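K.L.:
Coordinates for the following, if possible.
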Amino acid sequence: MKTQRNMIDFLNYYLSGGSLARIMGVAGEEVERKLEGIDLEAARAYRQTLGGVITTSQQLFQLPGFSPSLLEQLTEVLGRLDSGKLKVLAPQTTWNNQVTPYVNGPECLGMILEEIRKAQHYIHLSVMLFFNDRSGNLVADELFYALKRGVKVRVMVNYTLTA
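P.N.:
The predicted model follows:
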């Protein structure tokens with residue numbers, strides 16, 4: 001399990017443009033050689049379809065160009081990796097997440113409202129834009145009802161003070 005976690009963190013770090021020399025020193029050159037034939041753009045595009053981050057070991061086997069043989073070779077090299085450095089530098093992920101992209105505003109609003117209604121313990125909502133309009137007021141009302149049910153609610157929004 002720790003090896004899988006290290007592999008996921010390593011590939012998220014590497015596909016984000018992280019320096020292998022920074023986390024592996026000279027061993028980073030060995031890994032770079034193993035990864036020379038990989039189409040990084042295709043691997044990054046696949047990762048983007050997952051929501052921007054690899055979160056499960058099954059997703060590793062779907063990465064374009066990453067054969068089971070290559071992953072096995074990387075696992076061997078990663079055994080010598082300072083996982084403490086990797087943990088600090090890799091994009092932070094949690095295990096077995098799923099991402100569902102919503103491109104339809106009303107569909108997304110319905111999902112947000114439903115998730116707020118289902119919350120039992122806490123809600124951490126981070127949105128870039130939160131307007132005082134019909135949609136914003138529906139979300140605010142549901143958050144208020146959640147508070148009344150005893151749910152802890154935190155909201156983070158982008159705020160700009162206008163003159």
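K.L.:
now the helices: where do they sit in this structure?
P.N.:
For the chain, applying DSSP state H gives helices covering 2-15, 20-24, 27-34, 40-49, 57-60, 68-78, 83-89, 105-118, 134-148.
K.L.:
Now do the longest one and helix 105-118, the angle between them.
P.N.:
Orientation note: helix 134-148 sits at an angle of 10 degrees relative to helix 105-118 (axes from the mean of the first three to the mean of the last three C-alpha atoms, to 10 degrees).
K.L.:
mind listing what's buried in helix 134-148?
P.N.:
135, 139, 142-143, 146 (16 or more other C-beta atoms under 10 Å). Any C-beta I mention is one placed from the backbone N, CA and C, and that applies to glycine too.
K.L.:
go on, the fifth one?
P.N.:
The neighbour-count criterion (16+ other C-beta under 10 Å) identifies 57, 59-60 as the buried residues of helix 57-60.
K.L.:
Flag whichever of those residues scores worst on pLDDT.
P.N.:
The lowest pLDDT within these belongs to residue 57, which sits at 84.
K.L.:
Correct me if wrong: it contacts residue 9.
P.N.:
No. Counting by C-beta atoms under 8 Å, residue 57 sits too far from residue 9 to count as a contact (11.9 Å).
K.L.:
shared neighbours, those two?
P.N.:
Counting by C-beta atoms under 8 Å, 6 or more residues apart in numbering, residue 57 and residue 9 have no common neighbour.
K.L.:
tell me the contacts of residue 118?
P.N.:
So residue 118 contacts nothing (C-beta under 8 Å, 6+ apart).
K.L.:
Look at residue 14 and say how many residues are nearby.
P.N.:
Using other C-beta atoms under 10 Å, residue 14 has 22 neighbouring residues.
K.L.:
same thing with residue 84?
P.N.:
Neighbours of residue 84 (other C-beta under 10 Å): 9.
K.L.:
From residue 111, how far off is it?
P.N.:
37 Å (C-beta to C-beta, to the nearest Å).
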